[in-house]
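1. quick one: sequence and predicted model below, then my questions.
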Amino acid sequence: MPQIYLCFLWHMHQPFYKDLITGQYKLPWTRMHGLKDYYGMVRILRDFPRVRQTFNLVPSLIVQLEEYASGQAADPFLACAAKPAEDLTGEEQEFILQYFFQANVERLIRRYPRYGQLYDALRQTQRDLSRARSLFNAQAFRDLQVLSQLAWFDEEFLATDPELRALVAKQRDYSLEDQAFVIAKEREILARILPVYREFAARGQIEISTTPFYHPILPLLCDTAIAAVAHPNIPLPSRFRFPQDARVQLERARQFMAERFGTPPAGLWPSEGSVSDEALALAAEVGFRWAASDDGVLARTLGGFEPTAALRPYRWHRQGRQITLVFRHHFLSDLIGFVYSRMDPAAAAADFLGRVHETCRPMLAKGRDALLAVILDGENAWEYYERNGRPFLSELYRRISEDEQICAVTVAEAVARLEPEPLEHIHPGSWINANFDVWIGSEEDNLAWEYLLRARETLERVEAEAPEGGPKHAQLAREEILIAEGSDWCWWYGPEHTSANRAEFDQLYRTHLANAYRALGVPPPEELSRPILRLPPLELHLPPTGPVHAVIDGEVTSFFEWLGAGLWKADPRSEAMHGQRRLIREVYYGADSDNFYLRVDFDVPPPRMPKLELRIRLEAGQPAQRSVVRARWQQPEAAVAEADLARGGSFECVWRRVLELRLPLAGVGADAGETLRVQISLWQDGLPMDALPAQGWIECSTAPPAEWPL
């Protein structure tokens, strides 16, 4: 009887959240999904020995899991969860209120009544964190600290660990001992993840495949111009072509996995199922024997969709290189990812297997075996399911085990049993619409690629100019650029996706690039101080109403000295909404007939933040003449400043409680009546910390006083 070879490939991945210079994790999702998904997705197969599967592990995920398991990960989210509630500062309380409710409300939060009660209390304040703090006493904060962690614990441990079961049953009024127990249990769970993969791989029930090290879109690393093949006339950034980086990402991934699991992986899930002829050639050269993509890519390759085309493997061969390809059944994979969470688990499992048989029936009717590949994230879907998807998966695997026509096998087993069809060319695309539009083409995406290109070219230039052996920290710079080549950053840029953490992703991407410059001993460019995200403006702007005659002393000497100034004020909601603390509170600016004046007020007094630098960039005239002022904070209570003025001249700058600046209009190249454009950014130890305005420029008229409105 012809067989259905059903290949599940669960893709396990999280972005690289660690800042290599500070050592801090900027978001907690590797740890949270480590508690909830990675262990149990394999362990459940213990009860279904006839079900064999493929698990795709991304090396950069494993690096993070290993740090958490060893206790080396510096995670401020974990630190806040572990700190006694009575000792939390006001800032830490607001941090907890902002981030510890970032979970599926119905499946994770309301599963625990007290957690749901605390969530409702926050909602009643319209997420006003300052107001919410007054509603949460120490016990409420500790309950939130405990429950926000328990909600992410794997079903395996919640069902079998008696101490965890007792903690869940307690529901509220948790003690310091309870809190410490939860934190200790987290490390125990995280330490058990990789061993369970090794155990099941050693006995052959799972195959482990991998992805390029930091999860880049390989075809775009090889050549961003390839995006125009799938989408003609798409707006593209300056051409990025570094196939050598794509090779490094592949080689390092294969070597890393061999070190961790004893043998190099045969299989490759290219990040986002993205393929091109050049990318497949590299994968074959590195030693991968099979790779996978989406049936939409196959349809574009073959010139049209044919229902059974994706039910067999293909042998891609070109210029002496070859690799076997399997293609993801897009519709069935998406049913698990997005639909079945809303159904009864048994009904969903029955529906899925019914569709598997229906899909494969035409192929089986010809007396041929069918290969059906179901490929999706092994982590993100389950928080939408009852009990993290375990009832659905248990029912599905039970039915598969009892179905004589279905063999649930690894991808390597399936391609060994079926004769592949020849394929001499692959359409360049990804699993999303068989193109690369999610990662390139929009204004935000293209700007991210431009910044990446400049950093990558800077690395090449500095290495070429350096003495033999290269700059001291070139390897760190190269690592940061490899991280920035990952697909995750541009996943959140552009119009396609949204997240409560988009601003954090944007900040982390720019930090990785800034770190690369710092490692090379090159000042990071000004552009990295500003968000790439084109978020709606959240700033208050009032234009000047009269001339300014300020005393430049770094103090607010008199209310009247800045009375006619314009005001650009950061909206306080940006902290709650975007998770980034604003260090520049407001900027006053204006001019008289001879000078431009600027005052910068800070949320944090400068003495509390060492190695600060404020950069002020000015443009005037056509074409724009540029001037730059840099003020560096010097302990204990003053700053030193230097200026590069377009036309020279003296200036005044004093930084004490506030920063005040006077610049001659002639020196900056601004003639009377012209508009002067200003940008301000704050840097600490070479990293961009804040900028005002977040996008664009502050514009100031230099018209003489007689032309000011009355």
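-> Thanks, I have it. Numbers count the residues shown, from 1 in each chain.
2. show me where the stretch 101-250 of the chain dips below the pLDDT cut-off.
-> Within the stretch 101-250 of the chain, not a single segment meets pLDDT under 70.
3. can you pull the contacts of the residue lying closest to Arg110 once chain neighbours are set aside?
-> Computed as CB to CB, 6 or more residues apart in numbering, the closest residue to Arg110 that is not its neighbour in sequence is Gly116, at 4.2 Å. Every C-beta, even on glycine, is put in place using the N, C-alpha and C of the backbone. Contacts for Gly116 (CB atoms under 8 Å, 6 or more residues apart in numbering) come out as Val105, Ile109, Arg110.
4. now Arg662: phi and psi?
-> Main-chain dihedrals, Arg662, degrees, to the nearest 10: phi -130, psi 130.
5. mean confidence score for the top helix by length along the chain?
-> The longest helix of the chain (DSSP state H) is helix 443-465. The average pLDDT within helix 443-465 is 96.
6. give me the contacts around that helix.
-> By CB under 8 Å, 6+ apart, helix 443-465 touches 224, 235-238, 240, 242, 245, 439-440, 470-471, 474, 477-478, 481, 484-485, 489-490, 493-494, 509-510, 513, 516-517, 520-522, 525, 527-528, 532-534.
7. tabulate the CA atom coordinates of whatever helix or strand Arg247 lives in in CSV.
-> Arg247 is located in helix 243-261, with elements delineated by DSSP states H and E. Extracted in CSV, the C-alpha atoms of helix 243-261 (Å, rounded to 0.1, in the frame of the first residue of the first chain):
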residue,chain,number,x,y,z
PRO,A,243,28.2,36.0,-0.2
GLN,A,244,31.2,35.4,2.0
ASP,A,245,29.1,36.3,5.0
ALA,A,246,26.4,33.9,3.9
ARG,A,247,29.1,31.2,3.7
VAL,A,248,30.3,32.0,7.2
GLN,A,249,26.8,31.9,8.6
LEU,A,250,26.4,28.4,7.1
GLU,A,251,29.8,27.0,8.0
ARG,A,252,29.6,28.2,11.6
ALA,A,253,26.1,26.8,12.0
ARG,A,254,27.2,23.3,10.8
GLN,A,255,30.3,23.3,12.9
PHE,A,256,28.5,24.5,16.0
MET,A,257,25.8,21.9,15.7
ALA,A,258,28.4,19.2,15.2
GLU,A,259,30.1,20.3,18.4
ARG,A,260,26.9,20.3,20.4
PHE,A,261,25.3,17.1,19.1
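8. so Asp75 makes contact with Gly23?
-> No - using CB atoms under 8 Å, Asp75 is not in contact with Gly23; the gap is 10.2 Å.
9. which of these two has more neighbours?
-> Asp75 (21 against 11; other CB atoms under 10 Å).
10. pLDDT value on the more buried one, please?
-> 97.
11. how about the contacts made by it?
-> Counting by CB under 8 Å, 6+ apart, Asp75 touches Gln24, Tyr25, Pro28, Arg31, Tyr68.
12. three-state assignment of the nearest residue to the fourth one once chain neighbours are set aside?
-> Excluding the flanking residues, the one nearest Arg31 by CB to CB, 6+ apart is Tyr68, at 5.4 Å. Three states are possible here, and by DSSP: H, G, I helix; E, B strand; the rest coil the one that applies to Tyr68 is helix.
13. near Tyr68, how many other residues are there?
-> Neighbours of Tyr68 (other CB under 10 Å): 23.
14. Glu163: neighbour count?
-> Counted with other CB under 10 Å, Glu163 comes out at 12.
15. am I right that it falls within a helix?
-> Yes - applying three-state DSSP, one finds Glu163 inside a helix.
16. buried residues in stretch 229-249?
-> For stretch 229-249, a neighbour-count test (16 or more other CB atoms under 10 Å) marks 229-231, 234, 236-237, 240, 242-243, 245-249 as buried.
17. name the nearest of the residues you listed relative to Gly40.
-> Gln249 (29.0 Å; CB to CB).
18. my guess is that closest one contacts Leu221, does it?
-> Yes - the criterion here is CB under 8 Å, and Gln249 meets it with Leu221 at 7.3 Å.
19. give me the common contacts of these two.
-> Counting by CB under 8 Å, 6+ apart, the shared contacts of Gln249 and Leu221 are Glu485.
20. what strands flank whichever strand or helix holds Val654, and is each parallel or antiparallel?
-> Here Val654, judged by DSSP H and E, is contained in strand 652-655. Using DSSP bridges, strand 652-655 pairs in its sheet with strand 659-664 (antiparallel).
21. state the mean pLDDT of the strand it pairs with.
-> Regarding strand 659-664, the rounded mean pLDDT is 90.
22. when you filter the contacts of helix 443-465 down to buried only, what's left?
-> Applying 16+ other CB under 10 Å to the contacts of helix 443-465 flags 224, 236-237, 240, 242, 245, 439-440, 470-471, 474, 477-478, 481, 484-485, 489-490, 493-494, 509-510, 513, 516-517, 520, 522, 527-528, 532-533 as buried.
23. quick one: which of the buried residues of stretch 229-249 is nearest to Cys700?
-> Checking the buried residues of stretch 229-249 one by one against Cys700 (CB to CB), the nearest turns out to be Pro237, at 31.6 Å.
24. the closest one reaches Cys490, doesn't it?
-> No - look at Pro237 against Cys490 with CB under 8 Å: they stay out of range, at 10.8 Å.
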